[in-house]
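Chemist: Fold the following for me, if possible:
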Amino acid sequence: MADVQNMYDGREIEIDKVGVKDVKYPIIVLDRANGHQNTIATIDMYVSLPHHYKGTHMSRFVEILHEYKNMINMKNFPDILGEMKVRLDAEAAHMSVAFPYFIKKEAPVSKTPSYMEYQCGFKGSMNVENKMTEFIVSVSVPINTLCPCSKEISEHGAHNQRGITRVEVNTRKFFWIEDLITIVEHSASSDIYSILKREDEKYITEHAFNNPKFVEDVVRGISEQLSHDDNVRWFSIEAENFESIHNHSAYAYLERDKKGGSI
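Modeler: As a prediction, this is how the structure comes out:
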């Protein structure tokens, strides 16, 4: 049968990225507590397309994904990108993987167990020299904050709200996603839990009241931790509070390059 994708294209225009987007696929990721965790990922896979090819072979992306579905993690990400380059005869390869990750957490007083969901992801690129030009790990962590200004000016109580803090890091070597999530949660007024008993709610309410945080405090607190971690080359942090008494969100963002050199 005719291979139309391999036919010659005379316009001499290279394409930076071609491939498949928003592929839903079951994968297995590393889990510090249990070894492995099954999850469902949303995956984008792209390669560069030389000017003389009419198109790329879309089915090969999913074939490669199927071969690696039993484990996708920081350690074998370069292997997947390298396979994409070889199988699709490309100079560069790019992939992003986003997935829900679940951690078993105990309520602070009753110790009632439940599972918390965190949105996590990997994204990376490989160049013509088979070097990783980018590899980023991301986590999105739900948190609770209590407003320092509200506490200062109010005779009774202070307003608080849920928020989402997203952190991206580029590191020198492997690390556990759980450690990054812990850093974020410790920088908030209090953690978020799936199940709380009355004694837990009392504890968290009082703990947050004694630990007020602006979004500025959240990103600065995380930045302090990552800045002193020699494994981290680069990071970005964004915190968004879904304000409970305002018709808008509060937002803060910072990004730092620690001049760690090439990946």
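Chemist: and Glu216, that's in a strand?
Modeler: No - under DSSP: H, G, I helix; E, B strand; the rest coil, Glu216 sits outside any strand and is assigned helix.
Chemist: where do the helices sit along the stretch 1-150 of the chain?
Modeler: Listed in chain order, the helices of the stretch 1-150 of the chain (DSSP state H, counting those that start in this stretch) span residues 58-68, 77-87, 148-153.
Chemist: Single out the most deeply packed of those.
Modeler: Greatest average neighbour count among the helices of the stretch 1-150 of the chain goes to helix 77-87 (a mean of 17), per mean count of other Cβ atoms under 10 Å. In short, each C-beta sits where N, CA and C put it, glycine included.
Chemist: what's the spacing between it and its chain's center?
Modeler: How far helix 77-87 lies from its chain's middle: 21 Å, per Cα atoms, centre = their mean, to the nearest Å.
Chemist: Show me the strands in the protein, by range?
Modeler: 15-31, 35-49, 93-106, 113-126, 132-146, 160-171, 232-242, 249-257 (DSSP state E).
Chemist: want to throw these into JSON lines with distance to Arg60 and mean neighbour count?
Modeler: As requested, these are arranged in JSON lines below (distance: least, Cβ to Cβ, whole Å; neighbours: other Cβ atoms under 10 Å):
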{"stretch": "strand 15-31", "distance to Arg60": "10", "mean neighbour count": "15"}
{"stretch": "strand 35-49", "distance to Arg60": "9", "mean neighbour count": "18"}
{"stretch": "strand 93-106", "distance to Arg60": "12", "mean neighbour count": "18"}
{"stretch": "strand 113-126", "distance to Arg60": "16", "mean neighbour count": "18"}
{"stretch": "strand 132-146", "distance to Arg60": "21", "mean neighbour count": "20"}
{"stretch": "strand 160-171", "distance to Arg60": "28", "mean neighbour count": "20"}
{"stretch": "strand 232-242", "distance to Arg60": "32", "mean neighbour count": "21"}
{"stretch": "strand 249-257", "distance to Arg60": "35", "mean neighbour count": "14"}
